[in-house]
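Colleague: my questions are about this predicted structure, shown below with the sequence.
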Amino acid sequence: MQIIDGSVTASKGFSANGVACGIKKRKKDLALVVSQVPCSFAGSFTTNLVKAAPVLWDQKLVATQDKVRAIVINSGNANACTAEQGLKDTEATAAHAGSVLGCKAEEVLVCSTGVIGVPLPMDKIKAGIDLCSKELGESREAAFEAALAICTTDTFTKEVAVSLQIEGRTVHIGGMAKGSGMIHPNMATMLSFITTDANVDKQTLQTLLGSSITDTYNMISVDGDTSTNDTVLVLANGMSETTPLCPSHPQWEQFTQAFLYVHTELAKAIVRDGEGAGKFLEVKVTGAKDKQTAQTLARSVITSNLVKTAFFGSDANWGRILCAMGYSGADFNPSTLDLYFSSAKGTIQVVKNGTPLAFDEHLAKGILMEREIVTLAQLQDGTGEGTAWGCDLSYEYVRINGDYRS
């Protein structure tokens, strides 16, 4: 696998663009991602019972359609809690995009992100689709414009791409995502779009996406809120012209590792850009009785607001970590716990075999003042490992979300 400079247009046959259609003030707010040929596709969606209209539309397509051609995404308006009108507007968005692109409405996936409870300005959406479609491109710059258009409170675009050799042919996987707040395990206020020119059938792609999400988007947290619009979509158009990839293919593992890498990097980029965040936090649990236990423990720590605020203050308050592990619902033996903090400034152990150690508070403070911090919790219950990612919780987070609608 080779990491390349790219995004959703890195894969052969995909074009994209992003424009400003007037949903947001003076910012790009509508994007298109389009394949030259029909694609197999897969999707994963929010666990929130209150689902936005585009989520319901996309879920229907995943359940009933074999192929799609495009995705249309708007930011600034979530089209959530908009009742029957929201459903009609989503279908109208897909129908208009389909008419412009020369395909059926059912071949167009739709995503929205932004303020909840406000109807879509359909005149602006349709005009934006018209404008965006006229300037679709396969360039790196076109992908960046699309990535910029899907942002809300994001402070930077989130893009990644890789290439690998399969059967002597070059296969690409590229992606873009948005997300900064309302980020919590079981997905987040996040949208993620992956394109690949690999040849993978729909059922295999859906299974692969499901397993990848378990170790990536479901292991991140910013603030404990799960959105109404969370969506991950993958499009595979097969234009690399390899034989179909599946678990029996000799290079399947190579492809799945590259696929997982793309999702992992996008998930980590989302929490690096957590609203008001100053620190990127990684929590790794080893020695748990199994992987599920380790992941549950890691998620519990990374989602604790008390842990997040301790890191914000560079306070080595390890008791909050042990507490979060204890209420996680996962079974473990706290008397075997070894706990470490590490960063570019070094590593310090604060607990050994469940017993607190006397440690240098000044050294600990220096380690925790860095922007990237790793917490390692080592148990002796088995071989299970799990890693979660998050960020600190700051005053700035409150400021951002105190006037989000304005």
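Modeller: Great, that's in hand. Numbering: from 1, shown residues only.
Colleague: middle-most residue in this structure, spatially?
Modeller: The centroid of the chain falls nearest to Ala267 when counting by Cα atoms, centre = their mean (4.2 Å).
Colleague: wait, that one sits on Ser212?
Modeller: No: with contact defined as Cβ atoms under 8 Å, Ala267 does not count as touching Ser212 (9.7 Å). Quick note: C-beta positions are derived from backbone N, CA and C, even for glycine.
Colleague: tell me what Ser342 is bridged to.
Modeller: Thr347, Val374 (DSSP bridges).
Colleague: so Ile173 lies in a strand, does it not?
Modeller: Yes: assessed with DSSP: H, G, I helix; E, B strand; the rest coil, Ile173 lies in a strand.
Colleague: which residue is the nearest non-sequential neighbour of it?
Modeller: Excluding the flanking residues, the one nearest Ile173 by Cβ to Cβ, 6 or more residues apart in numbering is Thr196, at 4.5 Å.
Colleague: about what we covered before: the residue nearest to the centre of the chain: which element?
Modeller: In this structure, Ala267 sits in helix 252-272 according to DSSP states H and E.
Colleague: name the helices or strands packed onto that helix?
Modeller: strand 158-166, strand 169-178, strand 191-196, helix 202-215, strand 220-221, strand 280-288, strand 384-391 (3 or more Cβ pairs under 8 Å, 6 or more residues apart in numbering; DSSP states H and E).
Colleague: read off the pLDDT value for the most far-flung residue of the chain relative to its centre.
Modeller: What lies farthest from the middle of the chain is Ala358; by Cα atoms, centre = their mean that is 39.0 Å. On the pLDDT scale, Ala358 is placed at 94.
Colleague: report the secondary structure state of it.
Modeller: Assignment for Ala358 (three-state DSSP): coil.
Colleague: got it, and Met239?
Modeller: Met239 ends up coil, using three-state DSSP.
Colleague: I figured it hits Cys39, correct?
Modeller: No: look at Met239 against Cys39 with Cβ under 8 Å: they stay out of range, at 9.4 Å.
Colleague: more neighbours: which of those two?
Modeller: A direct count of neighbours by other Cβ atoms under 10 Å for Met239 and Cys39 places Cys39 higher, at 30 against 20.
Colleague: mind listing the helices for this structure?
Modeller: 53-64, 83-101, 122-134, 140-149, 202-215, 252-272, 291-302, 305-312, 318-326, 361-368, 395-402 (DSSP state H).
Colleague: now the last one: average pLDDT?
Modeller: Average pLDDT, helix 395-402: 71.
Colleague: cool, stretch 43-56 as well?
Modeller: 88.
Colleague: show me which residues of it are buried.
Modeller: 43-46, 48, 51-55 (16 or more other Cβ atoms under 10 Å).
Colleague: can you list the weak-confidence ranges in the stretch 301-406 of the chain?
Modeller: Counting by pLDDT under 70, the stretch 301-406 of the chain has low-confidence residues at 397, 400-406.
Colleague: list the contacts for Gly354?
Modeller: By Cβ atoms under 8 Å, 6 or more residues apart in numbering, the contact set of Gly354 is 333-337.
Colleague: and the closest residue to it other than its chain neighbours, how many neighbours?
Modeller: Of all residues not flanking Gly354 in the chain, Ser335 sits nearest, at 3.9 Å (Cβ to Cβ, 6+ apart). A total of 10 residues lie near Ser335 under the criterion other Cβ under 10 Å.
Colleague: ok, back up a step: closest to Ile3 out of the buried residues of stretch 43-56?
Modeller: Closest approach to Ile3 among those (Cβ to Cβ): Ser44, at 23.9 Å.
Colleague: spit out the contact partners of that closest one.
Modeller: 187, 209-210, 213, 217, 231-232 are the contacts of Ser44 under Cβ under 8 Å, 6+ apart.
Colleague: hey, what's it bridged with?
Modeller: Val232.
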